[in-house]
Each structure stands twice: as structure tokens, then as C-alpha cells.
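Student: next one to model:
(chains A and B)
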2 protein chains.
Amino acid sequence: MSETMNSAVRSEAPIGVFDSGIGGLTVVREIMRQIPNERIVYFGDTARVPYGNKSKETVIRFSRQIVRFLEAHNVKTIVVACNTASAYALDELEKEIDIPMIGVVKPGAKVAAEATRSGKIGVIATEATIGSGIYNQYIEELNHDVTIWGKACPLFVPLVEEGLLEDPVTDEIARRYLTELIDLDIDTLILGCTHYPLIRSTIRKIMGEGVTLVNPAYETARELKEMLLLRGLLKQQPSGLGDNQYQFFVSDTAGKFIRFANSIIKYGVLSAKQVNIEND
Amino acid sequence: MSETMNSAVRSEAPIGVFDSGIGGLTVVREIMRQIPNERIVYFGDTARVPYGNKSKETVIRFSRQIVRFLEAHNVKTIVVACNTASAYALDELEKEIDIPMIGVVKPGAKVAAEATRSGKIGVIATEATIGSGIYNQYIEELNHDVTIWGKACPLFVPLVEEGLLEDPVTDEIARRYLTELIDLDIDTLILGCTHYPLIRSTIRKIMGEGVTLVNPAYETARELKEMLLLRGLLKQQPSGLGDNQYQFFVSDTAGKFIRFANSIIKYGVLSAKQVNIEND
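Tutor: Next comes the predicted model:
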């Protein structure tokens, strides 16, 4: 089989996307917008969510199980749509598999490094992502004239999951987390957790209009498209009916996931299949 | 071997205690106080915490793995020190093993059924525990003249885990959750999640002095003692040095667990061993 034919066949394969739970759906939403022909197999580890306050070792172990699951679904690439897993597990897992992987950290870091004018960048994320120092590492590789401050915001995820997207309590907690970043006079803020774009308006209100908010989901979808194009893996034809364009898998029962998914992405998520990921 | 001798040997065996994470340590604290001779093997499922917003099926699967782990440690009894696991998994797992099990729900329900004078009882707990209706079921078995209202308080666990034990945000969230129970004029409130006793003073402030707060941890330790006594399984001699009196196991790395454990129980928790529970 020639390289071209092989690419043509591979380009029909789905994109694998995974997250600790539902947050990665903000990345799926961007992929659906920017490359609407593509098929997607999504895995949300809803039985073991959250990852953001767990150890590197545990996050690698969980991510490895999911990558194997997605490989078994013959995906052409894997998007790690979770900042914590991107921070802790991506480098490790890239070495173990043959298909290309993209995380959300590098694309977010790139935009921030380009966007800043004052060279003062803030990163808000889970404890794990901040603790890893990975945003600092990637940004400093691209732009030496920057200072980066990381701030863990552990209550944002539960507040989002409880639906308090616009609420005085979320305002108050956001004010506590963000005040020191305002005082440091940053001009660019990375929303370094896939849940955070869902409270973007609260963050915007507190940070003010002068600060650029970077949503890595958007940039990740853009880089994904570029990478698929370069490798001749971009799907050319729209997916047809019966093509199973979007498939969702979760490790806990599907009901709550489906409700949340439908509030995030406009495509009607009618079903999600529960699988036992621990055996993979 | 005679029954008596067998009991004497068995009484030296440790008590197994488990929880989704750290909350069960409030139960351990009570056991240490009330039956200080006993040895304890604790398992906290810190890699998969929390359980309270997950499905029955998943909570049973996780609990079954832990019960097998504790059995392998030759425990003489198992305390399910987690309301969600008691609500979802206890009945199922009791059928599968030979050693006696005690949950936290029944003891809490018993005290509430006895304590109420107006017959109006409130239960606050995780979504899962409230959804199971198990507190209602047990209380109504004991006292027919009661009305019970359950209220899920999903943000309490993350607020406690972030250490906001006395904080205006916790006050505000507690006020939202508890106002309807105040309006219903309950005289007894069950703290139906092992994290909640840690914000007892906030709950007390909002509910007022007229409402009896029931902490199932205390009652569970009392019933445990009674059960061991009845079965001749109470450990007679104090544990000596080198006796490994208290052993702690977790599924994620131990560092954070040890810090939190030492803030809850006065006995110095010097170490916790990480184990891979998924393979059990």
C-alpha cells in the first residue's frame, strides 16, 4: 500500500480525545467547530474524576489505561484534553505509542508567549498542573523575556460542576484566587484547566478588560488541524449518517455525563457507553 | 480449636476501616477514643475520591476491591466509614463475606430516630447518599412517627478539603443548603457524610442551638464496641510497641493524606502505604 493510500485510509479514522471527566468537552466543542468533518472518540474518566489533586504517578497510570482503550478504537491521533494529564502524563505516554499525541498545555503556552506585551503572564490551573511547572517550562522555551506566576484554583472545578457559573460565591472565590495576579499586573492569563472557560465571564469581570484570557482549547483544536493537514490525515469528506461520527465513553454511568455534555456542546449527545477502564 | 480459643485469637486481629479518602478518619478518631486497645487497618481510596457523586454500580465495584484488600489483612470486622459506600454497597457486600460489617448509616439513623421529639428530621449528605433514600428507610423502620427531609450538599466536601472550615464562603453555601431545613422546623439533623463533622461549628451556627446534630461517627464506634463485645472479639490487652497498631493504606501517594490525617487524629500518623487497589 502506498504512503498516499495509507494516509487516505488513516484520515478516515477517528480522533481520540480524553479527559478526567467532562471538562475535555470544551476541547471537543472546538474540534467540532474547526474541523467538522472529523470523527471523534471521547473518553471521560468519570468514575475517577478529578485528576487535578492527585499524584503524577496515579495520573500517568490512569492516562495509560485510557490511551490503550483509544488505541484499540484505532484512532489516528490522541488529544489529551485535560491539563493535568497533559502536564503529568503526555511526555511519558508519547514514548510508548506510535500515533501522534497533542496536549492542551503546549498550545496554550504558545499563545500566551506570543500575546504578552508586558512579559507578565499568569496561569490558573489545578494543584497538579501548577505543581508540575509545565506552563512555565514551555513558555520560557518560547520567550525568555517573561515572568510567569502560577496559581492553583482547586475550588473552581467543583463550583463549575455544581453549575455556579455566575454566582456571588464563585465571584468571591475567584477574587481570592485572582487578586494576587491582579496585583502582579499580569497582561495575559492562561485558563489552564478545561473547566475554567465555563466561568470565563466571572474571570473576565475580576481581571478586567486589559488582560488577555487564553483558552487552550481553541489553540489545541487549531494545532490539531495543522498537524493533521501536515501529515495528510485531515478527513476530506463530511461524515455521513451511520458513520458514528461522535462516540462517547465514560467509566461511571452515563446519565449525568450526557446531561452535562448537552449543556456544553450543541451536537445532541444522545448516548455514552460505560466501560471498565481498569481492566484495559 | 474451641470457640473460646478461636475468639481469643480473633480478638487480636485488627479492625478494617475504609472510606473514599480522608473523611473516614473522623470515624477512626472515635474508634481510637472508645476502644483504644484495638488495632486498625485503614484504607482510603484517595486515587478515586470522591464517591459521593458517582453511581451505585461504581461505588459497589470500588468497595468490593477494598473489602478484598482488607480481608487479605485478616481483619476481624470491617467498618464502612463512608456514608456513600454504606448506602450503596454495604447490603451487597455483606452477602459476599463471612466477617461482620458495620456501616455509618444505621447507627446514625438509630440516634436520630431516638433523639427527635417533633418527629421532624433532616439529613445532609452527598448526592449519592441522599439519592439512595437509605436514611429514610432505616429511620422509618425504627420510628413510624417521623418525617424526614434529605438535602444533598455537594460543595461541603471540597470546601472541607480546601480547609475552609470557618469561612464566609462556607457560611454562605451552608446557609443556602440549610435554609429549607430550618424553614421545615426540623429538631434533629444527621451529618450524613464523614467530612461534615469538620464543619460542625458552621452548621451549628446556622441551625441554632435548638437542633440536635447527630454525628454517626460517634454512634458507629459505640455500636462497633458493642458488637465486638457480644461476639467476644474485643481486644483485651493494650497494643504494644511493634504491634503495628494503626496501619494506613491509600491508593494515591501518601504525602497529602498524612498531612490531613495528622490534622484530624491526634495519634501521629507517620506513614501510609500506597497500594494499587484496582488489581485486587
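
Student: give me the element residue A:267 is part of.
Tutor: Element membership for residue A:267, per DSSP states H and E: none, as it lies in no helix or strand.

Student: then the helix or strand where residue A:263 lies to PDB, C-alphas only?
Tutor: Using DSSP H and E, residue A:263 falls within helix A:255-264. C-alpha atoms of helix A:255-264 as PDB (Å, rounded to 0.1, in the frame of the first residue of the first chain):
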ATOM      1  CA  GLY A 255     -26.700   9.700  32.700                       C
ATOM      2  CA  LYS A 256     -25.100  12.700  34.400                       C
ATOM      3  CA  PHE A 257     -22.400  12.900  31.700                       C
ATOM      4  CA  ILE A 258     -25.000  13.100  28.900                       C
ATOM      5  CA  ARG A 259     -26.800  15.900  30.600                       C
ATOM      6  CA  PHE A 260     -23.600  17.900  31.100                       C
ATOM      7  CA  ALA A 261     -22.400  17.100  27.700                       C
ATOM      8  CA  ASN A 262     -25.500  18.500  26.100                       C
ATOM      9  CA  SER A 263     -25.100  21.700  28.100                       C
ATOM     10  CA  ILE A 264     -21.600  22.200  26.600                       C
END
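
Student: so what touches the next helix or strand after that helix?
Tutor: Next along the chain after helix A:255-264, taking DSSP H and E as the criterion, comes strand A:273-274. If you take CB atoms under 8 Å, 6 or more residues apart in numbering or on different chains as the criterion, strand A:273-274 is touched by A:247-254. Using the backbone N, CA and C atoms, a C-beta is placed for each residue, glycine as well.

Student: neighbouring strands for strand A:273-274, and are they parallel or not?
Tutor: strand A:246-250 (parallel) (DSSP bridges).

Student: show me what the partner strand is in contact with.
Tutor: Here strand A:246-250 has contacts from A:14, A:28, A:32, A:39-47, A:69, A:73, A:254, A:257-258, A:261, A:267, A:269, A:271-275, using CB under 8 Å, 6+ apart.

Student: now it and helix A:255-264, what's the angle there?
Tutor: For strand A:246-250 against helix A:255-264, the angle between stretch directions is 140 degrees (axes from the mean of the first three to the mean of the last three CA atoms, to 10 degrees).

Student: and strand A:246-250, which residues are buried?
Tutor: Under the neighbour-count criterion of 16 or more other CB atoms under 10 Å in any protein chain shown, strand A:246-250 has A:246, A:248-250 buried.

Student: pLDDT below threshold where in the stretch 151-280 of chain A?
Tutor: Counting by pLDDT under 70, the stretch 151-280 of chain A contains low-confidence ranges at A:279-280.

Student: enumerate the residues of it near chain B.
Tutor: A:154-155, A:158-159, A:161-162, A:168-169, A:172-173, A:251-253, A:256, A:276, A:278 (CB under 8 Å from any CB of the partner chain).

Student: and the residues you listed, which of them are buried?
Tutor: Neighbour-count burial (16+ other CB under 10 Å) applied to those gives A:154-155, A:158-159, A:161-162, A:169, A:173, A:251-253, A:256, A:278.

Student: just send the residues you listed back as a markdown table, with secondary structure and distance to residue A:24 too.
Tutor: Shown next, in a markdown table, are these (DSSP: H, G, I helix; E, B strand; the rest coil; distance: CB to CB, whole Å):
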| residue | secondary structure | distance to residue A:24 |
| --- | --- | --- |
| A:154 | coil | 18 |
| A:155 | coil | 20 |
| A:158 | helix | 17 |
| A:159 | helix | 18 |
| A:161 | helix | 14 |
| A:162 | coil | 19 |
| A:169 | helix | 25 |
| A:173 | helix | 23 |
| A:251 | coil | 13 |
| A:252 | coil | 15 |
| A:253 | coil | 18 |
| A:256 | helix | 15 |
| A:278 | helix | 19 |
